[in-house]
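Q: Using only what follows, build the 3D model:
(4 chains)
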Number of protein chains: 2
Amino acid sequence: MTDGPVRLDATAKRIIELLQEDGRISYAAIAKAVGLSEAAARARVQKLLDSEIMQVVAVTDPTQVGFTRQAMIGVRTEGDPMRVGDRLAEVPEVDYVVTTAGSFDLLVEVVCEDDPHLLDVIRRVREQEGVLSSETFVYLKLNKQHYNWGTR
Amino acid sequence: MTDGPVRLDATAKRIIELLQEDGRISYAAIAKAVGLSEAAARARVQKLLDSEIMQVVAVTDPTQVGFTRQAMIGVRTEGDPMRVGDRLAEVPEVDYVVTTAGSFDLLVEVVCEDDPHLLDVIRRVREQEGVLSSETFVYLKLNKQHYNWGTR
DNA sequence: TCACAATTCTGCGGTAATCGTGGATTTAAC
DNA sequence: GTTAAATCCACGATTACCGCAGAATTGTGA
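A: Numbering: from 1, shown residues only, chains lettered A, B, ... in the order given. Below is the predicted model:
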């Protein structure tokens, strides 16, 4: 998140791909797949986690775990969009923030319990300094969500 | 993805939250945290995975693993947006599709290697039957990405 | 090219976690 | 109240995890 681009060799990429398929695969299985000792594979994984290139986490469809309202908010800003984006990232209900080129400067995904909650979050976003306007896209259905795009 | 809403008890929710923090936490640690035997905790996790309520995976910032171009594509459709969304979900470069209410019917996130690749993906999206128009937001920076929103 | 330092890897032993199974317990349906 | 299904626990055999010491590799500067 903070560092610049990091060099990843073929082994690191292969390890990432294995964990993209199954985040709970054992170190021993990783080692066998990439041709390293188990200890070396473990060190590699730990380094990838420590450097924040990769995180291994449980991902859920929020609507299945009690968050009935999700939305993407397109935001137009004045001043430095990244600065505004970093501040919006601090809002707990915000799980995803990207700075973009296009008719929005920022795209902000939020996870809420219900409509009043969403309304409150939108209000807080719009109050943020540097936010000129926003447009909300309420999620009706999550059609696809995957993470195994591999590496290049 | 296919089934309706599934009932999650407090234990299941607690397990999900633990795995949202650390996808590689041991079954034994989960068992201790939720007050079950190790075997029971393992069975619960397996059930959550099998039912596709939860997936445990490695998540990366695509720009760090060789995908230099990412974008969100806002799509306006005719006909059933979900149908179009499900078809767009089959495009390999598409990693995220949601049906929304607002000035776009669908939001489609794509992961590409470079500009020509992105251009080609956009072309394929626009050619899709039922797609009236689209607007592309090229990602400049990923400010935040997290998954530990918990459960309710 | 060589020497030196830093990093990475291997092998291994002790400890802990995983996995399967059988039987007890709880839950749900009628 | 009875039955069936689901869930849980106990436990042993297997496998994985983890830390460490030394070897091998990589990278750097003279």
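Q: any idea how far residue A:45 is from chain B?
A: Residue A:45 is 8 Å from chain B, where distance means Cβ to the nearest Cβ, to the nearest Å. The C-beta positions use only the backbone N, C-alpha and C, and glycine is treated the same way.
Q: The helix or strand encompassing that residue: which residues count as buried?
A: Residue A:45 belongs to helix A:38-50 when assigned by DSSP states H and E. Neighbour counts over helix A:38-50 (16 or more other Cβ atoms under 10 Å in any protein chain shown) mark A:41, A:42, A:44, A:45, A:48, A:49 as buried.
Q: any bit of stretch A:69-87 sitting next to chain B?
A: Yes. Stretch A:69-87 lies within reach of chain B by Cβ under 8 Å from any Cβ of the partner chain, at A:70, A:71, A:72, A:82, A:85, A:86.
Q: Can you pull the phi/psi pair for residue A:22?
A: Dihedral pair for residue A:22: phi -150, psi 110, per degrees, to the nearest 10.
Q: which ones are touching it?
A: Residue A:22 sits next to B:56, B:57 when contact means Cβ atoms under 8 Å, 6 or more residues apart in numbering or on different chains.
Q: one more time with 10 Å
A: Residue A:22 sits next to A:29, A:56, A:148, B:23, B:49, B:55, B:56, B:57, B:58 when contact means Cβ atoms under 10 Å, 6 or more residues apart in numbering or on different chains.
Q: what about the nearest residue in space to the last one that is not next to it in sequence, distance to residue A:91?
A: Computed as Cβ to Cβ, 6 or more residues apart in numbering or on different chains, the closest residue to residue B:58 that is not its neighbour in sequence is residue A:19, at 3.5 Å. Relative to residue A:91, residue A:19 is positioned 29 Å away (Cβ to Cβ, to the nearest Å).
Q: Show residues contacting stretch A:87-95.
A: Contacts of stretch A:87-95 (Cβ under 10 Å, 6+ apart): A:1, A:62, A:67, A:69-71, A:73, A:75, A:77, A:85, A:96-97, A:106, A:108-113, A:117-118, A:120-122, A:124-125, A:128-131, B:143-150.
Q: the strands in chain A, which residues?
A: Using DSSP state E, the strands of chain A run over residues A:54-60, A:69-77, A:94-101, A:106-112, A:131-145.
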